Structure formats: C-alpha cells, structure tokens
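*Asks:* A predicted structure for the sequence below; I have some questions about it.
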Amino acid sequence: MPTKKPKRGSAKSRGSPPPTRPGGTIQARRKRAEKIIAGLRKLYPDATCALRHDDPLQLLIATILSAQSTDETVNKVTPVLFGRYPTAADLAAAEPAEVEKIIYTTGFFRNKTRSIIGACKAIAERFGGQVPQTMEELIELPGVARKTANVVLGTWFGKNEGVVVDTHVGRLAHRLGLTWTSKDEKDAVKIEQDLMQVLPQPEWTFTGHALIWHGRGICQARKPKCLECTLNKLCPAAFTFEPSGGGKPGKKRPK
Ligand code: SF4
C-alpha cells in the first residue's frame, strides 16, 4: 500500500519529531530531562569548563585549541601562548610560525593558528580588542562555530544562548534519548536544536558541561559504566551495551 504523504503544514511535514520513538514524545523527553538535570546537579554541582582561562579572550582561544585535543593538553599550552601574546592585538600581529610552534601539540596547528590570528585580528579591528557578547558576532569570527561561541557565552558571560555539543554531549544526548537525530548524526547543530527543545533554557550551559563530565567519567564511548551510573533508571540505552565494551548495543538489561 502506498504511504500517505504528510499534509502540507502538518507537524510531520515541518520535520517535527514523530509522537513516539525510543526516548518517547517530546513531553516525555522534557520530563525525563528535568530528572536527568537533577541527577547531574547531584553528581556535578560545580560542572564547568575545564579549560583554564582568566578572561573571555583566553577562553575563546583555549576553546579553539581544544578541537580534536584534550583540555589537559590545551592547559599546558595556553600559559605559554598567553604569556607571550597577552592581548588580541598581540596575537593579531603574531608570526604564524611562532604560534604554530607553541600550539603544535594540540594538533591541527596550522588551521588553529590561522583561526586564532584571524579571530584576534577581527576582535582587535572590529570590537576594540574585546570579545563580542552575541552569538551572531561570535560566529562571524574565523574558526568560531556555535560550540565555541556557546562555551564563551555560557561560561564567561552567563548567557544561555545554546547548548555546547561536543563528542561527549552528542553521544550522551543519543543514549539518554534527548535527541531525535540518528545515532550516527555528526551535525552538532542538529543535536543542539533538539537539546534546546528538550532542556529548560536556564539549564543549557550547566547541562552541556555536566554531560561532558559524565561522558568522561562514566558514560564513556567504548565502555559505559551503566551499573555505576546513577542516571541508569532514566536512560533508554542503559545496559544495552556488550559487556566487552566497544560501545555496541547488546541485548540484555539486568533485572
Ligand atoms: S546508564 Fe549507561 S548508557 Fe545511560 S547514561 Fe548511564 S552510563 Fe551512559
């Protein structure tokens, strides 16, 4: 039998989530999300960005450097970088080869150097050396996408304009049933849009950081520790992984 086309303008035709899916309706997800946030608040009351910084410029640059790297590696590099180039104007005028030498260990050092110098030039020339405070202005800077902008806006300026979606948040959003995207979805912006529908706005920044902490410590990619996880009663993916790890779905949920 041919499948019926959704009516123009209907929820389905606008790409809205279907009423039921693993993880439930949007109302069910919102309810569960509130409980998940309460659980995360108990586990990580102080969850915040682990990148060391003293001002918004340092946070912006550290976040650019953290792509495909670890916070630990970035935290070793940034004191040297900011000691040598303390202001946006200093970095805007830096020799790329000098910057590359300092940030080399964070990986993708040529691209990152281009982004850092380009962003600092724009900040020095267009914003008087001050990091802009709106999403629109931040994502205009070279090398700055929504994730970096969300880190700076949420962590430094206290503005909940979006949810930070890195690899941990993307993975946990799927496991905890907080996104409608497929589990192979790589587009962080699509996952972020779902999270912004499901999470209360005042919790956007906290939840992003807390999910990163939970992803690092408990809900790791290859071997999620579902037995230890205090969110397991709220998690549609709990105990669905092979005991040998690998992050692959298994079959049994313990009684
Ligand atoms: S129950 Fe398992 S899969 Fe779900 S959040 Fe916890 S560790 Fe991750």
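*Replies:* Received, thanks. Quick caveat, the model's predicted, so the values are computed rather than measured.

*Asks:* tell me where the stretch 1-150 of the chain has helices.
*Replies:* Secondary structure of the stretch 1-150 of the chain (DSSP state H, counting those that start in this stretch): helices at 26-43, 56-65, 71-84, 88-92, 96-103, 109-126, 135-138, 146-151.

*Asks:* leaving out sequence neighbours, find the closest residue to residue 195.
*Replies:* Leaving aside its sequence neighbours, residue 195 sits nearest to residue 163 (C-beta to C-beta, 6 or more residues apart in numbering; 4.4 Å). Bear in mind the C-beta positions are built from the backbone N, C-alpha and C, glycine included.

*Asks:* so the one you found touches residue 210, yeah?
*Replies:* No. At 11.1 Å, residue 163 and residue 210 do not qualify as touching, with contact defined as C-beta atoms under 8 Å.

*Asks:* quick check: domain ranges of this structure?
*Replies:* 26-46+163-234, 56-156 (automatic domain parsing).

*Asks:* okay, those domains in TSV with distance to residue 242 next?
*Replies:* Below are the domains of the chain laid out as TSV (distance: least, C-beta to C-beta, whole Å):
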stretch	distance to residue 242
domain 26-46+163-234	9
domain 56-156	26
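
*Asks:* what's the closest of these to the ligand?
*Replies:* domain 26-46+163-234 (3.1 Å; C-beta to the nearest ligand atom).

*Asks:* can you give me the end-to-end distance of the closest one?
*Replies:* 15 Å (C-alpha to C-alpha, to the nearest Å).

*Asks:* what stretches of the stretch 1-150 of the chain score poorly on pLDDT?
*Replies:* 1-23 (pLDDT under 70).

*Asks:* residue numbers of this protein in contact with the ligand?
*Replies:* For the chain, the residues in contact with the ligand (C-beta under 6 Å from any ligand atom) are 175-176, 218-219, 224-226, 229, 231-232, 235, 237-238.

*Asks:* which among these count as buried?
*Replies:* In terms of neighbour count (16 or more other C-beta atoms under 10 Å), the buried residues within these are 175, 176, 218, 219, 224, 226, 229, 231, 232, 235, 237, 238.

*Asks:* more neighbours: which of residue 163 and residue 210?
*Replies:* Comparing residue 163 with residue 210 by other C-beta atoms under 10 Å, the one with more neighbours is residue 163, at 29 against 24.

*Asks:* quick check: the more buried one vs residue 97, distance?
*Replies:* To residue 97, residue 163 is 37 Å away according to C-beta to C-beta, to the nearest Å.

*Asks:* over to residue 91?
*Replies:* In this structure, residue 91 and residue 97 are 14 Å apart, going by C-beta to C-beta.
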